[in-house]
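Enquirer: quick one, fold the following:
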Amino acid sequence: MRKPGIFFNAVFTIVIVMVAIAVIFPFFWMVRSSLMSNIEINTYPPILLPRWRFGNYPNTLSVFPFGRYLLNTLTITLPSLAGVLITSSLAAYTFARLNFPLKRFWFTMVISSMLMPVSVTIIPIFIMWSSIGLVNSYIPLIVPGFLGGGAINIFLIRQFMLTIPKEMDEAALMDGANHLQILYYVILPLIQPVLITVGLFTFILYWNDILGPLIYISSNDMNTISQALANFKSGFGVDWKAIMAASTMSIIPSVVLYFIGQRYFLEGIVLSGLKG
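Expert: Numbers count the residues shown, from 1 in each chain. I've put the predicted structure just below:
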């Protein structure tokens, strides 16, 4: 009776390992190429292991000022991250804990906003920022994070909040707490996994965003990492070792952040769907 179960478990494990290899292989290939010469990169058949040319990184930094682009990206990402966590938590608490007229209707409208293509709003939003003279600044990229945090973030946090008994809110109200105090002292400490999940999503979204900076930022000194990397690739189209080294440096912060918060990330995703 156990043989079929052992067989299917073995097959499932093999499939998972193959998928993991397929996912990790592009990252490995990028790092491997960043430690080789252009001749070695273009060698056929391909060389699997690098020749450990660590000098490629200092050479790349001499033409790709990673530190400046990192600071520019963090100038946008960190305030946006704070805005998303604050406003999405407030909105989620409103939908999860409070009663008000047309509550279901407004929540449906929030969820429905995910169906609207981004391309529909690009032009009118750009015209609005341009009319008040804030183009070529970081403000148009930061402010949207403080305007609700996005429907998917509100949905995830609301679903997580619904798993917390409302009796805790009632006990806090009886002790004289208001709703902001309940949210800050009671709810937020209990929903750390989903907050970390939303934070990871938001960080990666802003870190990898290239469309927004291309629209609003025209000064090279203000380029974000994604924007600068795209320009770098177009300017060094044949220098693959430099391109791969710059790409590796650009992806490392988001990878490190994911590994730090992966346990909370998985917990937040799983528990967000426990209750509707």
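Enquirer: what number of residues lie near residue 61?
Expert: Residue 61: 15 surrounding residues under other Cβ atoms under 10 Å. C-betas here are computed from N, CA, C, even on glycine.
Enquirer: could you report the separation of it from residue 67?
Expert: Distance, residue 61 to residue 67, by Cβ to Cβ, to the nearest Å: 8 Å.
Enquirer: could you tell me which residues touch both of the two?
Expert: In terms of Cβ atoms under 8 Å, 6 or more residues apart in numbering, residue 61 and residue 67 are not both contacted by any residue.
Enquirer: and stretch 28-48, which residues are buried?
Expert: Buried residues in stretch 28-48, defined by neighbour count with 16 or more other Cβ atoms under 10 Å: 31-36, 40-41.
Enquirer: and for stretch 122-137?
Expert: Buried residues in stretch 122-137, counted by 16+ other Cβ under 10 Å: residue 129.
Enquirer: same question for stretch 215-227.
Expert: 215-217, 222-227.
Enquirer: for the stretch 1-150 of the chain, just list every one of the helices.
Expert: Using DSSP state H, counting those that start in this stretch, the helices of the stretch 1-150 of the chain run over 2-34, 38-41, 56-61, 66-97, 103-112, 118-131, 139-142.
Enquirer: packing partners for the second one?
Expert: I take that to be helix 38-41. helix 240-271 (3 or more Cβ pairs under 8 Å, 6 or more residues apart in numbering; DSSP states H and E).
Enquirer: backbone torsions only: list them for the residue lying closest to residue 182 once chain neighbours are set aside.
Expert: Leaving aside its sequence neighbours, residue 182 sits nearest to residue 172 (Cβ to Cβ, 6 or more residues apart in numbering; 4.8 Å). Recorded main-chain torsions at residue 172 are phi -70, psi -40, according to degrees, to the nearest 10.
Enquirer: low-confidence stretches in this protein?
Expert: 1-5, 235-237, 261-276 (pLDDT under 70).
Enquirer: what residue is smack in the middle of it?
Expert: residue 204 (2.3 Å; Cα atoms, centre = their mean).
Enquirer: ok, and the closest non-adjacent residue to that residue?
Expert: residue 254 (5.3 Å).
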